[in-house]
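Q: Show me the folded form of this:
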Amino acid sequence: MSLYVCSLRLADLQEMLLHYALLGLPVGLLTGMGLSLIARSDDAWGGYGSFRRRAARLGHVALVMVPMLGGFYALAIDALDVHLTWSAWGSGLWIAAGITLPLALFVAAWKRHLVWLLPLPATAMTAGAVCFALSLVLET
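A: Got it, this is the predicted structure:
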């Protein structure tokens, strides 16, 4: 990744995150519409408080909110003096986690024994957030 970062510009990171936000948000909203059609009754998927339904709801929320937060950071890149390398790592980790975390949540809702998949994308998302924070704190 280091060689790739050398040829990357902040404008490229901003564009990548904005594309992710603008594509991810409608996907999340459409997924929510689909889930609402599947789980119309209170007792669908084991009831409102069941693990299956909670994991699916959390997957939908992640599909909507993670791209929005990535878009917010993309807009903040213009206004703030950010460190390119840490921003590149943060962007890559954030987008990868934003795709794999909802997927892992939906898989866990489908087959509960696959809940062990969740820590990997959650860790990647946390690492991406830390990289974003470091990009603001460290000198460029």
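
Q: Quick check: the gap between the residue nearest the centre of the chain and Y73.
A: Closest residue to the average C-alpha location of the chain: G98 at 2.2 Å, with Cα atoms, centre = their mean. Using Cβ to Cβ, to the nearest Å, G98 is found at 11 Å from Y73. (Each C-beta comes from the backbone N, C-alpha and C, glycine too.)

Q: and if you look at R54?
A: 27 Å.

Q: Compare neighbour counts for these two and give me the winner.
A: Y73 (24 against 16; other Cβ atoms under 10 Å).

Q: Contact partners for V82?
A: Shown in contact with V82 (Cβ atoms under 8 Å, 6 or more residues apart in numbering): 10, 76, 135-136, 140.

Q: next one: stretch 101-110 to chain centre, how far?
A: Distance of stretch 101-110 from its chain centroid, counting by Cα atoms, centre = their mean, to the nearest Å, is 13 Å.

Q: Of all the residues in that stretch, which ones are buried?
A: 101-102, 104-109 (16 or more other Cβ atoms under 10 Å).

Q: how about the CA coordinates for that stretch, as CSV?
A: The C-alpha coordinates for stretch 101-110 follow below in CSV (Å, rounded to 0.1, in the frame of the first residue of the first chain):
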residue,chain,number,x,y,z
LEU,A,101,-19.4,-5.3,8.6
PRO,A,102,-23.0,-5.3,7.2
LEU,A,103,-22.3,-8.4,5.3
ALA,A,104,-21.0,-10.2,8.5
LEU,A,105,-24.1,-8.9,10.4
PHE,A,106,-26.5,-10.3,7.7
VAL,A,107,-24.6,-13.6,7.7
ALA,A,108,-24.7,-13.8,11.5
ALA,A,109,-28.5,-13.1,11.3
TRP,A,110,-28.8,-15.9,8.8
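
Q: That stretch - what's its average pLDDT?
A: Across stretch 101-110, pLDDT averages out at 95.

Q: Now tell me what touches it from outside.
A: With Cβ under 8 Å, 6+ apart, stretch 101-110 has contacts from 28, 31, 45, 51-53, 55-56, 58-60, 62-63, 66, 114-115, 117-118, 120-122, 124-125.
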